[in-house]
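1. next comes the sequence, and after it the predicted model I'd like to discuss.
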Amino acid sequence: MTTMTIAKAINEGLRTALTDHPKSLLMGEDIGALGGVYRVTDGLIGEFGPDRVVDTPLAESGIIGTAIGLALRGYTPVCEIQFDGFVFPGFNQITTQLAKIHSRSNGNLSVPVVIRIPYGGGIGSIEHHSESPEALFAHTAGLRIITPSNPHDAYWMIQQAVQCQDPVIVFEPKRRYWLKGEVDVEAPGRAGDPFEAHVLRTGTDATIVAYGPLVPVALAAANAAEEDGHSLEVIDLRSISPIDFDTVTASVQKTGRLIVAHEAPTFGGIGGEIAARISERAFHSLEAPVIRVGGFHMPYPVAKVEEDYLPDIDRILEALDRALSY
Amino acid sequence: MGTHLPSTEFDGTAVDDQREADAEAVMGEPPAQMVQLLGPDGKPGFDPVFTDYARKLTPEVLRGLYADMAAIRRFDVEATALQRQGQLALWVPLTGQEAAQIGSGRASQPQDYIFPTYREHGVALTRNVDLAELLRQFRGVSNGGWNPKDTNFHLYTLVLAAQTLHAVGYAMGIQRDQKLAAANAAGSGNPAAEPAAAVIAYFGDGASSEGDVHESMVFASSYNAPVVFFCQNNHWAISVPTEVQTKVPLSNRAKGYGFPGIRVDGNDVIAVHAVTEWALEHARQGKGPVLIEAFTYRVGAHTTADDPTKYRQAAEEDAWKAKDPLARLEKYLRSEGMADQEFFARVKADGDELAAYVRRTTHDLETPDIRTAFANTYAEAHPLVAEELAWFEEYSAGFAGEEPAEEPARQAVTAQASPKAGH
Ligand SMILES: Cc1ncc(C[n+]2csc(CCOP(=O)(O)OP(=O)(O)O)c2C)c(N)n1
């Protein structure tokens, strides 16, 4: 066991992937000498050279599109998109090409491209640096989407993404890059299946499902609720596509109440999908409607008021009050 | 660390042999030479086309160009200090690029419309944007900050290259307006009153790699739109040198789209003014787009979140400081007797006054209420927004009278380490 931050864990995970998989390579803007704007690729160009750690031209469509070509040629590119808001010039390549090549080729071709996207707010940043666009990608079949919330998962999930034959988008919770935790570099342990949800805390009165940046908030809310005498179960979803509905269903069958929390706008978000599925699967277990806690239907607001926008402990507790009031 | 020196573009004034050979190999002909009308030594240069434009600049105008460059540099220093003191979330410094911005901005006419990227503080000054308003975005109280209709200076754009297409579309609108005005004038017997207008689209050498720049040039060329593409080649896209974006001078790309491309010494305010004036006239006269590549240098960091020592050498920065745009115009003004000590002292005092104004007003920039974001998401009423706002009001009312300090758990989580890197 060693302690490291999420950023460092991804860095170590990438180092291991580059060592273990000679045909893997990193591509992105500023990932070489600078080590990426978040320094996640720090030092890797020195160890693996510019053919494996490629500072690309400033062109997201170019990055994703050429990664597809490299993948068709047997390579596993890991692309870094600098910020959530800048993935969109590459959106066309991701949704119309990357996601569909396997099915269009009747399964004959695979494009194991990994796309890393730092996402989410809470860092006092300017426009286009705080968004949570995961639902836009989850709606596209053919992509897998994961989001680690702790260093151990971060270390293993990035390597599992590299090994996956499907395209994987790794949404990295940027405000948690500096979150420290234990990493077992010897064995994945619970990190085993990257598409499986984890029950982080067991409880009996309600379930909170969160992922990525909101996992620590959900845990803190559960602690606060405990002081008020409520027992909450907290699930870290970890994978947004596919979603591990079995774990969520089992929990709801026990607790009878479900709150889903994410930073992305509530409308049309992942929370809605979870609410609908759980209503179908566990209708008779539900004591209350599934309640969603998320961002508002507005462009991510300016830094000075983002606290009003981001779901926090109070917003989750308010949702809990509503769920308990039924 | 710091081992990368841009090989072919290191010497900013001359097109070197390797570059010429590279360009010739690719294009079959040598690249355009760089227009320079005022050397780093403060001595005038000559150009068969643009010297005539330089001659039109009166001593008063030249002094004004100097004063603008000095003012915006002083502003830049102040904004950087404000960021260091935590008053701004981020700052994007322009030092080194004053001539490219002031020269081009001052060459525009009020009826022209400007699409900046995010570093065009000098152009903003020439368009009379209140510099305190310009800081709103960097203070995190607005995603815009000024009303573009007041100054014909559009909002900053952070998604690189997106604005180049908007610029071409706007220029296509100008073309249509001109046709309509001409038709109306023919009908009424009165000549069209509106002066011809053009558009300038600013972008960087890094952004030139984005697909949107290519598409904008295709559209501009296809429709002969009155747009001037103004690329500030400041040699670095954060940590990536220009060589990764292009092997030939960016101005040479224009040829492939079928319109003129000019490389100008971007640290020579006289040359920049001359070529931009020429290009805008060209566009306003209906002769189509022009690409200007201003060959310049970003002297400081990319933003206040950046660390240039990780990717470039001090020797390169020093070499460029020797080409400083202010120093060379100062030498020229002094040697020609166009400005005296008193003038330079006044410019300095004005700069200090501007800095004090910006410092004062920055503190007063109002933090908006999130309700304004609810109100501004759509132009017309929207039921979902109304519903969420109603929820928010009710939720907020539940905290009425509570001190924020009563929420220790909430603070503990939200105050978690905030990143120092970024952008
Ligand atoms: C589409 C997009 N991708 C990435 C970024 C992140 N980013 C911001 S500035 C920058 C470098 C831009 O370089 P350049 O175009 O040369 O302009 P400069 O900042 O040097 O003036 C990058 C990569 C962005 N803003 N937009």
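-> Happy to help now that I have it. Residues are numbered from 1 along each chain as shown, chains lettered A, B, ... in the order given.
2. number of residues surrounding residue 43?
-> No chain specified, so I'll use chain A. Residue A:43 has 13 neighbours, counted by other C-beta atoms under 10 Å in any protein chain shown. Using the backbone N, CA and C atoms, a C-beta is placed for each residue, glycine as well.
3. wrong one, I was asking about chain B
-> By other C-beta under 10 Å, the residues close to residue B:43 number 11.
4. again, but for the one 3 residues further on
-> By the other C-beta under 10 Å criterion, the neighbourhood of residue B:46 contains 9 residues.
5. could you say which helix or strand contains it?
-> Per DSSP states H and E, residue B:46 falls between elements, in no helix or strand.
6. need the contact list for the spatially closest residue to it that is not a sequence neighbour.
-> Spatial nearest neighbour of residue B:46, chain neighbours left out: residue B:37 (7.7 Å); criterion: C-beta to C-beta, 6 or more residues apart in numbering or on different chains. Counting by C-beta atoms under 8 Å, 6 or more residues apart in numbering or on different chains, residue B:37 touches B:44-47, B:50-51, B:54, B:265, B:268, B:270-271, B:274.
7. what's the local residue count around the closest residue to the ligand within the stretch 151-300 of chain A?
-> Here the residue of the stretch 151-300 of chain A nearest the ligand is residue A:174; by C-beta to the nearest ligand atom that distance is 13.5 Å. As a burial measure, residue A:174 scores 30 neighbours (other C-beta under 10 Å).
8. wait, it touches residue A:39, no?
-> No: proximity of residue A:174 to residue A:39 does not meet the contact threshold set by C-beta atoms under 8 Å, at 11.8 Å.
9. can you tell me the element residue B:347 falls in?
-> Using DSSP H and E, residue B:347 sits within helix B:341-364.
10. who touches the helix or strand that that helix is followed by?
-> As assigned by DSSP H and E, the chain's next helix or strand after helix B:341-364 is helix B:370-376. Contacts with helix B:370-376, where a contact means C-beta under 8 Å, 6+ apart, come from A:296, A:298-299, A:301-302, A:305, A:308-309, B:385, B:388-389, B:392.
11. 6 Å instead, please
-> Applying C-beta atoms under 6 Å, 6 or more residues apart in numbering or on different chains, the external contacts of helix B:370-376 come out as A:298, A:301, A:305, A:308, B:385, B:389.
12. in that helix, which residues are buried?
-> Buried residues in helix B:370-376, defined by neighbour count with 16 or more other C-beta atoms under 10 Å in any protein chain shown: B:370, B:373-374.
13. stretch B:171-189 too?
-> The neighbour-count check on stretch B:171-189 (16+ other C-beta under 10 Å) flags B:171-172, B:174, B:178 as buried.
14. could you do stretch A:257-271 as well?
-> Across stretch A:257-271, burial judged by 16+ other C-beta under 10 Å covers A:257-267, A:269-271.
15. returning to that earlier point: export the helix holding residue B:347 to PDB, keeping only CA atoms.
-> Coordinates of each C-alpha in helix B:341-364 appear next as PDB, following Å, rounded to 0.1, in the frame of the first residue of the first chain:
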ATOM      1  CA  GLN B 341      11.000  63.400 -22.000                       C
ATOM      2  CA  GLU B 342       7.900  65.100 -20.900                       C
ATOM      3  CA  PHE B 343       5.800  62.900 -23.200                       C
ATOM      4  CA  PHE B 344       7.200  59.700 -21.800                       C
ATOM      5  CA  ALA B 345       6.700  60.900 -18.200                       C
ATOM      6  CA  ARG B 346       3.100  61.700 -19.000                       C
ATOM      7  CA  VAL B 347       2.500  58.300 -20.600                       C
ATOM      8  CA  LYS B 348       3.900  56.700 -17.400                       C
ATOM      9  CA  ALA B 349       1.700  58.800 -15.200                       C
ATOM     10  CA  ASP B 350      -1.400  58.000 -17.300                       C
ATOM     11  CA  GLY B 351      -0.500  54.300 -17.000                       C
ATOM     12  CA  ASP B 352      -0.300  54.500 -13.200                       C
ATOM     13  CA  GLU B 353      -3.600  56.200 -13.200                       C
ATOM     14  CA  LEU B 354      -5.100  53.500 -15.400                       C
ATOM     15  CA  ALA B 355      -3.700  50.900 -13.100                       C
ATOM     16  CA  ALA B 356      -5.100  52.600 -10.000                       C
ATOM     17  CA  TYR B 357      -8.500  52.800 -11.700                       C
ATOM     18  CA  VAL B 358      -8.500  49.100 -12.600                       C
ATOM     19  CA  ARG B 359      -7.400  48.100  -9.100                       C
ATOM     20  CA  ARG B 360     -10.100  50.200  -7.500                       C
ATOM     21  CA  THR B 361     -12.900  49.000  -9.800                       C
ATOM     22  CA  THR B 362     -11.900  45.400  -9.700                       C
ATOM     23  CA  HIS B 363     -12.700  45.200  -6.000                       C
ATOM     24  CA  ASP B 364     -16.100  46.700  -6.800                       C
END
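16. average pLDDT for it?
-> Averaging pLDDT along helix B:341-364 yields 96.
17. now do the buried residues in it.
-> Residues B:343-344, B:347, B:351, B:354-355, B:358-359, B:362 are the ones in helix B:341-364 that count as buried (16+ other C-beta under 10 Å).
18. just stretch B:287-298 next, same as before
-> Neighbour counts over stretch B:287-298 (16+ other C-beta under 10 Å) mark B:288-298 as buried.
19. from those, list the ones also adjacent to chain A.
-> The subset of these within reach of chain A, by C-beta under 6 Å from any C-beta of the partner chain, is empty.
20. wait, which of those residues is closest to residue B:149?
-> For those, the closest approach to residue B:149 (C-beta to C-beta) belongs to residue B:289, at 24.0 Å.
21. and the closest residue to the closest one other than its chain neighbours, how far from chain A?
-> Spatial nearest neighbour of residue B:289, excluding adjacent residues (C-beta to C-beta, 6+ apart): residue B:220 at 4.1 Å. When distance is defined by C-beta to the nearest C-beta, to the nearest Å, residue B:220 is 19 Å away from chain A.
22. all strands for the chain, in order.
-> No chain was given, so I picked chain A. Here chain A has its strands, by DSSP state E, at A:2-5, A:24-28, A:53-55, A:76-80, A:114-119, A:144-146, A:168-173, A:180-183, A:198-201, A:206-210, A:232-236, A:239-241, A:258-265, A:291-295.
23. I was thinking of chain B, sorry if that wasn't clear
-> Using DSSP E, strands in chain B cover B:34-35, B:113-115, B:199-204, B:227-233, B:236-237, B:240-241, B:261-265, B:290-295.
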